[in-house]
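Q: fold the following, please.
(4 chains)
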4 protein chains.
Amino acid sequence: MQKNVYEANLFLPKAGLVKLTWGNVSQINRDLGLIVIKPSGVPYEKMQEADMVVTDLSGKVLQGELNPSSDIPTHCVLYQKFPEIGAVVHTHSKWAVCWAQAGRGISAYGTTHADTFYGTVPCTRDLTQTEVEVDYEVETGKVIVETFNEKKLDPLAIPAVIVKGHGPFTWGDTPQKAVENSLILEEVAEMALHSEELASATECLLPGYLLDKHYFRKHGSAAYYGQF
Amino acid sequence: MQKNVYEANLFLPKAGLVKLTWGNVSQINRDLGLIVIKPSGVPYEKMQEADMVVTDLSGKVLQGELNPSSDIPTHCVLYQKFPEIGAVVHTHSKWAVCWAQAGRGISAYGTTHADTFYGTVPCTRDLTQTEVEVDYEVETGKVIVETFNEKKLDPLAIPAVIVKGHGPFTWGDTPQKAVENSLILEEVAEMALHSEELASATECLLPGYLLDKHYFRKHGSAAYYGQF
Amino acid sequence: MQKNVYEANLFLPKAGLVKLTWGNVSQINRDLGLIVIKPSGVPYEKMQEADMVVTDLSGKVLQGELNPSSDIPTHCVLYQKFPEIGAVVHTHSKWAVCWAQAGRGISAYGTTHADTFYGTVPCTRDLTQTEVEVDYEVETGKVIVETFNEKKLDPLAIPAVIVKGHGPFTWGDTPQKAVENSLILEEVAEMALHSEELASATECLLPGYLLDKHYFRKHGSAAYYGQF
Amino acid sequence: MQKNVYEANLFLPKAGLVKLTWGNVSQINRDLGLIVIKPSGVPYEKMQEADMVVTDLSGKVLQGELNPSSDIPTHCVLYQKFPEIGAVVHTHSKWAVCWAQAGRGISAYGTTHADTFYGTVPCTRDLTQTEVEVDYEVETGKVIVETFNEKKLDPLAIPAVIVKGHGPFTWGDTPQKAVENSLILEEVAEMALHSEELASATECLLPGYLLDKHYFRKHGSAAYYGQF
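A: Prediction:
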């Protein structure tokens, strides 16, 4: 599991999704009650597989001499409230951050989006001053969950969120899948921004039936994309 | 032929035109009644020459244990209706997709465009709900053909199309040429978008006589660009 | 110290922050009264560690056969007026230069910015004709200091500035840190520009309490990001 | 001389200024009455030093079995009318092409521009239909010269031009310098475009005295940038 998490973390700078130490990947083992996560602020070039930090489900360190990512409480909330996910990724990838800074979700403007995200990737509300000051990282997790609950979204059908003023979180059943979702989110974030330079948001919006077609071409029992 | 198709497919990620598995190249042998195409959803790093799938002209697999690209029915329609083309490429290349998401064709704003595309690269209409639900990939091919017919365009003079909400298809006499057309389309798509940041679409439009000059400098019996 | 400065200079083109010879890094040793700086106009590929120029605190060459960077007087002013900094970097990095050319400071639009810069990275006023003609590089230093004084900004809390019509200067306690600040400035400069394509400047602005949270998560006695 | 021209040509794709075969570099030897230029349409990967074509001053091939670049007549006009230049470069580099497609010159928005180009890099007028049809490449050269004459510009002080609807030409005393000017033009073209996203063209314009300062810091008898 450490190996998986280590390699998924290394993929982030390689794919251009992370500069410096701005990102982290974790994985949960629900049977053992363990989370493995990147250590906080360790440069990717120096990071070793053995540096991965093992915590319990509340983020308390069980193994490893390094501090876990300071975002560990956010990961814990997501694992608790989204019981079907197996891995979480956070980055400051450029284009997704632009949407976060603008406080906007990313609508489904094309089939590239629809192939992975079944509708708008939502943007959270601002955290209140109290939420930020009292328990920031936990509240970040909570506001993500609140966003999915209020909009009645399925975190498995839309495995990504934009945290307002901050950046993206994505998830998946494995670290590799969660990282792939980060990469796809970044790609559709850039394309959506530039599409709006060419036409209005309304004109760019994909018809619902085409969203359905592409999403279910790749997901669910009637999927027929790829090999089986 | 497998080798040709395999290498043309590999060129796509190398040229930055494809991320993950978002693209495919096929080639037709009209004498033998065969199409060779990339398998569906196979990562480029793992793909072997022997993984290329051989189908008949209706897309039915003749050789290979993998499923062909799910876009094979679109390729088949294009080969049937554009009898002079020898290869087809589909990608989700970033800038061409932006035009697709905006639902706009790419006008000839400069000689870079005119050297390859003799006029606007057209954008298809939206597919109807029925077309999407009943026979999506076939209808994608049909709407491309419809677009060329209605606008009275010659697919050899404009070897590319933007499928609305989706992305580009290009073609050529060989896989290498079809892939090169994808690369050129991506380049002119980016430049056209940014040109419109500097001046209006009308101001950017190339005079018809300059379009003629550049296109026929490279194509037809009076061409004088390159070596002979 | 030459080694430090040499390696920090080499990092600039590697990180895409410098093309040709458009950048320089210096370091000060306040105990010895020495500054080490890149030589002027020497291509990075040919530059040797021994080419680093050693000057006194007024920029007079003490060691080395090459001329120091023509920006040395600006560095000297910054070292004199910002007594706690240990290194200075100047580049023409693309996105920061765009803000310089537009004559605008870069507001804190997100946590990526807040993690490093405690508020707007300010833009200087235009230098007057006399300032430019009489003692340009010294006046460039002075107008940076004037900007920080007039806006009552702490150069340690905002280790960067945009010089109007010109480009960014950053600083830090070490060359490595000053260069890292250049890289971060470039990243937030690009993201801020694109964020304004998605929402108004006002809508993009980070709440003050979130700026505080992120800045002090990484700086000061209550910091808890990273390892200790 | 072939070696010089060959290496300068190879630098273009390496620096990202040229895709496919879209560019060419030539050099003149005025004493011998010779021009050396890239062959037309030969891929950079296959091009050998011996493929460089030697022509007389009217572009007639003296040595080499390949056709010279189809732009050779433009180069000849520039050499004839700008008697102090030693090398010419033409590319379809992305950002400079955007300005060409928009039909706009590139104003001096910053010191990066002023360090190399002493004022606006001008854009030519449209060629007339007759000019395009009768002697296109010669007329392209003539309209460049006309632009410099009408605006009373010195081609040594502004070693670049934007040909409307087409792309940039640059020049210099050596192929290396002319290629460097292409690279700088591309950089300032991109920065100018993005600067206009942040402020109006008027707000971005550099004061004349700062243009003077930076240009003459690097050029002329009072230059003090670099080593001597």
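
Q: pLDDT score for the residue nearest to residue A:91 when sequence neighbours are not counted?
A: The spatially closest residue to residue A:91, leaving aside those adjacent along the chain, is residue A:23, at 4.1 Å (CB to CB, 6 or more residues apart in numbering or on different chains). Bear in mind the C-beta positions are built from the backbone N, C-alpha and C, glycine included. The pLDDT attached to residue A:23 in the predicted structure is 94.

Q: for residue A:45, same thing?
A: You'll see residue A:45 listed with a pLDDT of 89.

Q: find the residue at the geometric middle of chain A.
A: Centroid-nearest residue in chain A: residue A:170, 1.2 Å away (criterion: CA atoms, centre = their mean).

Q: and that residue, helix, strand or coil?
A: Under the three-state scheme (DSSP: H, G, I helix; E, B strand; the rest coil), residue A:170 adopts strand.

Q: so it makes contact with residue A:185?
A: Yes - using CB atoms under 8 Å, residue A:170 is in contact with residue A:185, at 5.8 Å.

Q: and whichever residue of chain A sits closest to chain C, how close does it get to residue D:55?
A: Ranked by CB to the nearest CB, the top residue of chain A for proximity to chain C is residue A:41, at 2.9 Å. Noted for residue A:41: a distance of 61 Å to residue D:55, by CB to CB, to the nearest Å.

Q: higher neighbour count, these two?
A: It is residue D:55, of residue A:41 and residue D:55, that has more neighbours when counted by other CB atoms under 10 Å in any protein chain shown, with 23 against 17.

Q: so what's the residue count around the closest residue to that one other than its chain neighbours?
A: Counting by CB to CB, 6+ apart, residue D:55 lies nearest to residue D:35, which is 4.9 Å off, once chain neighbours are set aside. The tally of other residues near residue D:35 (other CB under 10 Å) stands at 28.

Q: show me how far stretch A:17-36 is from its chain's centre.
A: Computed by CA atoms, centre = their mean, to the nearest Å, the chain-centroid distance of stretch A:17-36 equals 11 Å.

Q: got the buried residues for that stretch?
A: Buried residues in stretch A:17-36, counted by 16 or more other CB atoms under 10 Å in any protein chain shown: A:17-28, A:34-36.

Q: ok, so of these, who is nearest residue B:179?
A: Within the set of these, residue A:17 lies nearest residue B:179; the separation is 26.7 Å, counting by CB to CB.

Q: near chain B at all, the lengthiest helix in chain A?
A: Taking DSSP state H as the assignment, the helix of chain A that covers the most residues is helix A:175-198. Yes - for helix A:175-198 and chain B, the contact criterion (CB under 8 Å from any CB of the partner chain) is met by A:180, A:183-184, A:187, A:190-192, A:194-195, A:197-198.

Q: picking that back up, contacting residues for the residue nearest to residue A:91?
A: For residue A:23, the set of contacting residues under the criterion of CB atoms under 8 Å, 6 or more residues apart in numbering or on different chains consists of A:9, A:12-13, A:17, A:38, A:89-93.

Q: now residue A:83
A: Neighbouring residues of residue A:83 by CB under 8 Å, 6+ apart: residue A:30.

Q: give me the pLDDT for it.
A: The predicted local distance difference test score for residue A:83 is 97.

Q: ok, now residue A:60?
A: At residue A:60 the predicted local confidence, pLDDT, stands at 97.

Q: distance check, it against residue A:135.
A: Taking CB to CB as the measure, residue A:60 falls 15 Å from residue A:135.

Q: what's the answer for residue A:100, then?
A: Taking CB to CB as the measure, residue A:100 and residue A:135 are separated by 20 Å.

Q: same drill for these two, tell me which one is more crowded.
A: Just comparing residue A:100 and residue A:135: by other CB under 10 Å the higher neighbour count belongs to residue A:100, 32 against 13.

Q: give me the secondary structure label for the more buried one.
A: Here residue A:100 is recorded as helix under three-state DSSP.

Q: list the contacts of residue A:114.
A: For residue A:114, the set of contacting residues under the criterion of CB under 8 Å, 6+ apart consists of A:108, A:206, A:210-211, A:213-215.

Q: now with 6 Å, please.
A: Contacts for residue A:114 (CB atoms under 6 Å, 6 or more residues apart in numbering or on different chains) come out as A:108, A:211, A:214-215.

Q: any idea which of those is closest to chain D?
A: For the contacts of residue A:114, the residue nearest chain D by CB to the nearest CB is residue A:108; the value is 25.9 Å.
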